[in-house]
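A.B. asks: Prediction below, plus the sequence it came from.
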Amino acid sequence: MSQFLLTLAGLSLGGGIAVLVLALAGRSTRARYGARWRCWAWVLLCLRLAVPLSLVPQAREAAPIQLPLPQTGVLSPVSPAPVQPGPDSSAPAEEVSPGGDLSAPAGTGAGDVPASGGPSLPALSPQALLFALWLTGALGVLGWSLAAHLRFLAWLRRWATPADSPEVIRAFQSLGDQLGLSRRPRPLVCPGLKVPMLAGLFRPALLLPQGPMEGQALGYSLLHELTHYRRRDIWLKALALWVRAVHWFNPLCWLMGRLIERDTELACDEAALAALPPSEHAAYGQTILSAAARLR
């Protein structure tokens, strides 16, 4: 247990340093165009932090060598001759100690201490307390996230309906063919949603607002979300959530979640702009900025 806690602390410290390095690498204007490569760095970092085990096998201490004692029979214990009671003795003979005092009956030696009233609980070590604290925090983060996800799924089952607009279906299928997607998320319409979003890990769905979306705004929004789907950004976000649960005590791991969110959006915009002609870059950027303003 102590070895696990030391490995967890060392791994979290090294991961925090890597987070700071990647955060500084993304602050400059030129580095912002390398978001795709930073996303790969986030994947590698999250994979390492997700399993808090040492990659170097620990050397095991050699067991002490035990030599059996020879059974030669040269020395043998000498048992004292039993004391025979006299012919006139009617009471059992009492054992006499070498000092001349009468010894207590068998099983009640002078050095025996009376047993206590009940069994005592073993005291927890500091390592056990730290492990219990870490496990409680990790389960708390995972439980909170799981409860929020289940509430979201219940909301989808209650309110989401399949998209039936011909314009939405036509734009969705056209962009899916353009991006080469053999499998595609389900297009759903959700009331109360402000901007389109991608949700779901194993059964992904593309959620669209109930309000009217048409023209370039619809096409650019669908292109952005389908690019997220093709890049599998939702898997990276789920992995980052697991890392935050394992390293919940490290604030830099919570900062890492925000940086991953930023870099996945930048990398998605880079990939979407690469699929558009240069004449449409300004219109795409205006659509994304308008969506971000509605979220704020």
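C.D. replies: Okay, I see it.
A.B. asks: Please give the number of neighbouring residues around the residue nearest to residue 188 when sequence neighbours are not counted.
C.D. replies: Once flanking residues are discounted, residue 188 sits nearest to residue 160: 4.3 Å by Cβ to Cβ, 6 or more residues apart in numbering. Bear in mind the C-beta positions are built from the backbone N, C-alpha and C, glycine included. By the measure other Cβ atoms under 10 Å, the count of residues near residue 160 is 19.
A.B. asks: wait, doesn't residue 160 sit right on residue 207?
C.D. replies: Yes. Contact criterion Cβ atoms under 8 Å: residue 160 and residue 207 qualify, at 7.0 Å.
A.B. asks: and for these two, which residues touch both?
C.D. replies: Residues touching both residue 160 and residue 207 by Cβ atoms under 8 Å, 6 or more residues apart in numbering: 188, 189, 190.
A.B. asks: And the next helix or strand past the helix or strand residue 261 falls within?
C.D. replies: Element membership for residue 261, per DSSP states H and E: helix 251-274. Scanning forward in sequence from helix 251-274 by DSSP H and E, the next helix or strand is helix 281-295.
A.B. asks: how many degrees apart are that next one and helix 251-274 in direction?
C.D. replies: For helix 281-295 against helix 251-274, the angle by axes from the mean of the first three to the mean of the last three Cα atoms, to 10 degrees is 140 degrees.
A.B. asks: The residue nearest to residue 276 when sequence neighbours are not counted: neighbour count?
C.D. replies: Excluding the flanking residues, the one nearest residue 276 by Cβ to Cβ, 6+ apart is residue 284, at 5.9 Å. The burial count assigned to residue 284 is 20, neighbours taken as other Cβ under 10 Å.
A.B. asks: so what pLDDT did the residue most central in space within the chain get?
C.D. replies: Nearest residue to the geometric centre of the chain (Cα atoms, centre = their mean): residue 242, 3.5 Å. pLDDT for residue 242: 96.
A.B. asks: from now on call the first residue 12
C.D. replies: That works, and once the first residue is 12, the last one we named lands at residue 253.
A.B. asks: So it sits against residue 61, correct?
C.D. replies: Yes. In terms of Cβ under 8 Å, residue 253 counts as a neighbour of residue 61; the distance is 5.6 Å.
A.B. asks: Where does pLDDT dip in this protein?
C.D. replies: Within the chain, the segments meeting pLDDT under 70 span 39-44, 66-134, 223, 307.
A.B. asks: quick one, strands of it?
C.D. replies: In the chain, the strands defined using DSSP state E lie at 172-173, 197-201, 208-210, 216-220.
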